[in-house]
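>>> Sequence plus the predicted model coming up.
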Amino acid sequence: MKFRHIVATFAAAVSCNAMVLGAQAQEIELNYGHMNSPTSIVGLQADWLAEEVAKNTDGKVKIDVYPSSQLGKIQELAEGVSMGSIALSHNTAGAISSLYEDFGVLDIPYLYRDYDHLMNVVDIHSPVMEKLNQGLIDNTGMRVLYAFYFGTRQLTTDRAIKTPADLAGVKIRAIPSPVYLTAVEGLGAAPVPVDWSEVPTALATGIVQGQENPVNVALVHKLYDVQSHMMLTGHISAAEIVVINEEIWQGFPDDVKAGIEKAAETVRHKASKMILDSEAGDLEQLKEAGMTIIGPDDGLDVAAFRAGVEKLVHERFDEKYATYFEEIAAVK
């Protein structure tokens, strides 16, 4: 057994013991593991959640946050929450789809009309999310606590790219899930599944020549040191999904659940707004750091990238997700 799994299991045992003793001790301790830098907005929101939960539960619940893949890689984090060795984590919908396939629909490229549409779809009270959440609970033993705007994903490479033909044979890192592999292939590249913890090394050594992520990720992780260009393909606007183990959740008294739900709503809006507001400034900082930004005004053929991606999406996912596509389009 790997050391991090021992750590995770021990932390879960501590959490469960705290829950059992909660009636007497009035304190519940939970572990929250994630893959991101603690200084990124995505990482910071986990700390904000811990603060808000402590405040809203009068100190009854303490959340210990373990950033930077301390409790496992992207797939191990999802599995850890499912099994209960990790109480909370956040992940892309695509990564969660490895445990419950339907969830992958939320990360389908070019799916949302705009930011407001995305936020309304991933609200846990929307018809789409209620349906997906119940399926997640039934099939994996974890539930969505909240979802926040993660940004719009752009392509970065070690060269200028303006059309899908420019990506022919270029190896681009993709999140190891069908939706993300399809997105990268649809852009015209050769997708290579690489866990996020291994991406900087893969880029530096040439195992892959590029990757795709929101601009805030590229900035915080200093991808400009190993990538010279960013192309504003805008191929996926996505939410990050915060999940909690269902058995742990059901062990909470009603007042604790209410306090956590209130905290979740506060953090969801705070993190989403901060990421949205920071995108333009992040692009400018990437330019100042030496990265060349290529958009439609610079000859980037976004329509061609979109056509290639949508063609593959329809071929591979219409049979599975056609009903979801209709339900998502119907959300106002």
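Received, thanks.

>>> which residue ranges form the strands in the stretch 51-200 of the chain?
61-66, 88-92, 142-157, 171-174, 190-193 (DSSP state E, counting those that start in this stretch).

>>> now for the third one, which elements pack on it?
Going back to what we said before, that points to strand 142-157. Helices and strands touching strand 142-157, by 3 or more Cβ pairs under 8 Å, 6 or more residues apart in numbering; DSSP states H and E, are helix 115-122, helix 127-140, strand 210-214, helix 215-220, strand 229-245, helix 246-250, helix 254-288. The way it works is simple: take the backbone N, C-alpha and C, and place the C-beta from them, glycine included.

>>> got the strands of the stretch 51-200 of the chain as a markdown table, with mean pLDDT, distance to L219 and mean neighbour count columns?
Shown next, in a markdown table, are these (pLDDT from 0 to 100; distance: least, Cβ to Cβ, whole Å; neighbours: other Cβ atoms under 10 Å):
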| stretch | mean pLDDT | distance to L219 | mean neighbour count |
| --- | --- | --- | --- |
| strand 61-66 | 98 | 21 | 19 |
| strand 88-92 | 95 | 19 | 27 |
| strand 142-157 | 97 | 11 | 25 |
| strand 171-174 | 97 | 17 | 24 |
| strand 190-193 | 97 | 23 | 16 |
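
>>> which non-adjacent residue is nearest L99?
With sequence-adjacent residues excluded and distances taken as Cβ to Cβ, 6 or more residues apart in numbering, L99 is closest to T140, at 4.7 Å.

>>> Retrieve the pLDDT associated with the one you found.
Here, the pLDDT recorded for T140 equals 98.

>>> so it touches G84, yeah?
No. The criterion here is Cβ atoms under 8 Å, and T140 misses it with G84 at 11.0 Å.

>>> just to revisit the earlier point, which among the helices and strands packed on strand 142-157 is found nearest to H314?
strand 229-245 (15.0 Å; Cβ to Cβ).

>>> Only C-alpha atoms, please: export stretch 283-293 in CSV.
Only the C-alpha atoms of stretch 283-293 are listed here, as CSV (Å, rounded to 0.1, in the frame of the first residue of the first chain):
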residue,chain,number,x,y,z
LEU,A,283,-3.9,36.8,-19.8
GLU,A,284,-2.0,40.1,-19.5
GLN,A,285,0.3,38.6,-16.9
LEU,A,286,1.0,35.7,-19.2
LYS,A,287,2.0,38.2,-22.0
GLU,A,288,4.3,40.0,-19.6
ALA,A,289,5.9,36.7,-18.7
GLY,A,290,6.8,36.2,-22.4
MET,A,291,3.9,34.0,-23.6
THR,A,292,2.5,34.8,-27.0
ILE,A,293,-1.3,34.9,-27.0
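
>>> measure the most centrally placed residue in the chain to E288 for me?
Residue closest to the mean C-alpha point of the chain, counted by Cα atoms, centre = their mean, is T92 at 2.9 Å. Distance, T92 to E288, by Cβ to Cβ, to the nearest Å: 28 Å.

>>> got a list of what M274 touches?
For M274, the contacting residues are I41, by Cβ atoms under 8 Å, 6 or more residues apart in numbering.

>>> So what's the residue count around the closest residue to S197 other than its chain neighbours?
Leaving aside its chain neighbours, S197 sits nearest to S69 (4.7 Å; criterion: Cβ to Cβ, 6+ apart). When neighbours are defined as other Cβ atoms under 10 Å, S69 has 19 of them.

>>> Surely S69 touches M35?
Yes. With contact defined as Cβ under 8 Å, S69 reaches M35; the gap is 4.7 Å.

>>> which neighbours do those two share?
L77, W196, S197.

>>> looking at these, which has the most residues close by?
Most neighbours among those, by other Cβ under 10 Å: L77, with 25 neighbours.

>>> In contact with it, which residues are there?
Here L77 is in contact with G33, H34, M35, S69, L71, I86, S89, N91 (Cβ under 8 Å, 6+ apart).
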